[in-house]
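Enquirer: Okay, sequence plus prediction incoming.
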2 protein chains.
Amino acid sequence: MKRITINDIAKELNVTPSTVSRALAGNTRVSVKTRELVTQKAKELGYQQNVIAASLRKGKSDTIGMIVPRINRHFFSNVISGVEEILNPAGYTLVIVQSGENLIKEKKAIDMLLANHVGGIILSLSVQTNTYQHIETVINRGIPLVQFDRVNLDIKSSKVLNDNFTGAYLATKHLIKSGYQRIAHLGGARSLKAYDERFKGYSKAIEESGRLIEDALVYENAITREAGYKAINQVMERANPDAVFCAGDYSALGVLDALKEKNLKIPEEFGVVGFANEPFSELIHPTLSTVEQNAFEMGTRVATAMIKNLEGKHYEEEEVIPTRLIVRDSSWKK
Amino acid sequence: MKRITINDIAKELNVTPSTVSRALAGNTRVSVKTRELVTQKAKELGYQQNVIAASLRKGKSDTIGMIVPRINRHFFSNVISGVEEILNPAGYTLVIVQSGENLIKEKKAIDMLLANHVGGIILSLSVQTNTYQHIETVINRGIPLVQFDRVNLDIKSSKVLNDNFTGAYLATKHLIKSGYQRIAHLGGARSLKAYDERFKGYSKAIEESGRLIEDALVYENAITREAGYKAINQVMERANPDAVFCAGDYSALGVLDALKEKNLKIPEEFGVVGFANEPFSELIHPTLSTVEQNAFEMGTRVATAMIKNLEGKHYEEEEVIPTRLIVRDSSWKK
DNA sequence: GGAATTTGTGCAAACGTTTGTATTTTTGTT
DNA sequence: AACAAAAATACAAACGTTTGCACAAATTCC
């Protein structure tokens, strides 16, 4: 019932714990023969390394903290899976914490992770976050930080981003090509690069078509279903749009609610494109055109960046993952 | 840059580390005065406990491991939120690992958590799991275990269950009342109590209506969209059903695919009820009748049970969380 | 006022590793 | 066969806590 330690193995084999330790680590300073003997005996006794002791001695742990706004978002849970895919086989353990899109919880999460001496922190900012003191703390402690998706550019760290700009650009261009005239945009908080880029992609496409960006067609803070519903109603009152590019699928869902209420035909009278390719987007009626983010790949890239940070030092690359437009029924005018 | 330890505090105050340790723990064996002095100085120097060292010495940690099949299931991510709600304020840290519905990954997850000396393990079994050796290991190590939802009854531990029986019973009864005659059931692996109970609830309702349980109307292992699609096709060929109660919403989704393909009118010609109230269920067309599980509450109960286990010993209560039938368009025949 | 008790601290070991340095054993060279 | 070099192993300290036990000082009791 008691736990097997390297000392137990050492005694059985008449060697010292240090030899056992080195043998298990595959150190070539111990002979091939003893290495085999040790691994053999370790398996026989059912030895499991005491990670706690090891990380105390080494002064660092193989636990990586990951803070996401919510784990029940398709995008985030897939990023997590991607991160695990790389981190687990590499011997790291992932601790996931939710900030709930809440600045205070985000701060607490960071405190908690620091108290637990995590080896590194992977972070996607909450929408609320407008102060960055708590994140500087991480940097000052010398703990590797990798930001992804919802990133603050002023903070020095590795960053992995979606190609929000191109996704938004293609989505808007698609609406233009489909013949819509007055294309609105429901965006997110522009303090977050992700949403700012989506706005910029939208703007670029609109301008390229020879039109003007009308303030009345743009609504900045509407990424939930409810906010989307309210926002599109306001925009329809003031700017007479016939299509909308939403910075999120939930927002687009709210738009569809409003359109159904007004008995507008989709896509004939009104076009809608969302962002994120949430699972529901292909299940609803009409199916929702949207921009797919390669969440899983983003996760693997994030993890790889983290490992580089943990091994070498100061890897501060900024990577961009491509996005892809998926055209469905909500925007396809023949 | 260097980390403050209790030794630093001790030196500054001319006491020993042991006193500091006791003071910070609020031990009454150290005088109120020194206790204040210590906490004061700790705050001043920005001391943060080294959790690693503490748990090495104490032989246990305040980290709780949680293994779920997938975090991107609405149900599981909400249970997680509920668990966090209780565990975090109580000073525990939650480590989440996915088994991916895979026995081998589940075993690895347990190994990893044990290697990390977690204080307790919260577990919902993968569908694949049909051997329980790895879980016995947890018990044998004396580590508190709380099972939830997908539970094995033979394993001695606290358990928190959904009232799957009543949910399934009400769902089936509702189909009967709505006038459907030949009601099929697409279930999950009956080795898991959750699915077995759903089958039993279905059976009870069918029998109460004076009908017989027909093997040809029951299909045991179909909980994904694809499996649901295939299963209902088979059942329709062999048993001529006019309604189905599915043990999961994804399965019901597959059924809807098949029904649309056959141009059957829902709910007039065929009724469908799912289970889980996945977010998409109210978004699809027709909206899906389903059974709601109170995932968040389940999470809080799970966490509470875990804390009881960690504090007292051998708390092996079995709790049941009520479920609720939600009637939508897929089953409502007027 | 002296013995017995309580109260507050200190000492030192322990938790299970890792790792720099020292020591022993083996190998190779002449 | 002697000796240097290389290879394999041992020794011991360290990581930052916690905690049983010892001890001194302060308090209580008769």
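Expert: Noted; the coordinates are in hand. Numbers count the residues shown, from 1 in each chain, chains lettered A, B, ... in the order given.
Enquirer: Name the residues of the stretch 1-150 of chain A found near DNA strand C, please.
Expert: Contacts of the stretch 1-150 of chain A with DNA strand C, taken as C-beta under 7 Å from any atom of the strand, map to A:3, A:5-7, A:17-18, A:21-22, A:24-25, A:47, A:49-50, A:53-54, A:56-58. Heads up, the C-betas are built off the backbone N, CA and C, glycines and all.
Enquirer: For chain B, tell me which of those show up nearby.
Expert: A:3, A:49, A:50, A:53, A:56 (C-beta under 8 Å from any C-beta of the partner chain).
Enquirer: Straight-line length of stretch A:275-287, end to end?
Expert: In stretch A:275-287, first residue to last residue: 13 Å (C-alpha to C-alpha, to the nearest Å).
Enquirer: err, stretch A:153-172, not the other one
Expert: 25 Å.
Enquirer: which residue ranges form the helices in chain A?
Expert: Secondary structure of chain A (DSSP state H): helices located at A:6-13, A:17-25, A:32-45, A:51-58, A:74-87, A:103-115, A:133-140, A:164-177, A:193-208, A:225-239, A:249-261, A:295-311.
Enquirer: from the middle of its chain, how far away would the first one be?
Expert: Between the mean C-alpha point of helix A:6-13 and the mean C-alpha point of its chain there is a distance of 45 Å (C-alpha atoms, centre = their mean, to the nearest Å).
Enquirer: And the fourth one, by the same measure?
Expert: Offset of helix A:51-58 from its chain centre (C-alpha atoms, centre = their mean): 29 Å.
Enquirer: Now do that helix and helix A:6-13, the angle between them.
Expert: The directions of helix A:51-58 and helix A:6-13 differ by 100 degrees, with axes from the mean of the first three to the mean of the last three C-alpha atoms, to 10 degrees as the criterion.
Enquirer: Quick check: buried residues in helix A:51-58?
Expert: Neighbour counts using 16 or more other C-beta atoms under 10 Å in any protein chain shown place A:51, A:52, A:53, A:54, A:55, A:56 of helix A:51-58 among the buried residues.
Enquirer: Of those, which is the nearest to residue A:312?
Expert: Set against residue A:312, the nearest of the buried residues of helix A:51-58 by C-beta to C-beta is residue A:55 (19.8 Å).
Enquirer: For residue A:120, see how far away the nearest residue to the closest one once chain neighbours are set aside is.
Expert: Leaving aside its sequence neighbours, residue A:55 sits nearest to residue A:61 (C-beta to C-beta, 6 or more residues apart in numbering or on different chains; 3.9 Å). Distance of residue A:61 to residue A:120, given as C-beta to C-beta, to the nearest Å: 9 Å.
Enquirer: picking that back up, max pairwise distance over the buried residues of helix A:51-58: which two?
Expert: Farthest-apart pair in these is A:51 and A:56; separation 9.6 Å (C-beta to C-beta).
Enquirer: Need the residues that contact stretch A:264-271.
Expert: The contact list for stretch A:264-271 (C-beta atoms under 8 Å, 6 or more residues apart in numbering or on different chains) reads A:175, A:178, A:180, A:183, A:241-244, A:256, A:259, A:272, A:286, A:289, A:329-333.
Enquirer: mind listing which of the residues you listed are in strands?
Expert: Using DSSP state E, the subset of the contacts of stretch A:264-271 located in strands is A:183, A:243, A:244, A:272.
Enquirer: Keep only those of those residues that are also close to DNA strand D.
Expert: By C-beta under 7 Å from any atom of the strand, no member of these lies near DNA strand D.
Enquirer: pLDDT below threshold where in the stretch 201-334 of chain A?
Expert: Within the stretch 201-334 of chain A, the stretches with pLDDT under 70 are A:313, A:333-334.
Enquirer: circling back to that earlier point, could you dump the ones in strands among the contacts of stretch A:264-271 to JSON lines with neighbour count and distance to residue A:95?
Expert: Listed next are the ones in strands among the contacts of stretch A:264-271 as JSON lines, based on neighbours: other C-beta atoms under 10 Å in any protein chain shown; distance: C-beta to C-beta, whole Å:
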{"residue": "A:183", "neighbour count": "25", "distance to residue A:95": "42"}
{"residue": "A:243", "neighbour count": "27", "distance to residue A:95": "43"}
{"residue": "A:244", "neighbour count": "31", "distance to residue A:95": "39"}
{"residue": "A:272", "neighbour count": "30", "distance to residue A:95": "38"}
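Enquirer: I'd like to know which of those is nearest to DNA strand C.
Expert: The shortest gap between DNA strand C and any of those belongs to residue A:272, at 55.5 Å (C-beta to the nearest atom of the strand).
Enquirer: related to what we said a few turns ago, who has more neighbours out of residue A:61 and residue A:120?
Expert: Between residue A:61 and residue A:120, residue A:120 has the larger neighbour count (other C-beta atoms under 10 Å in any protein chain shown), namely 25 against 21.
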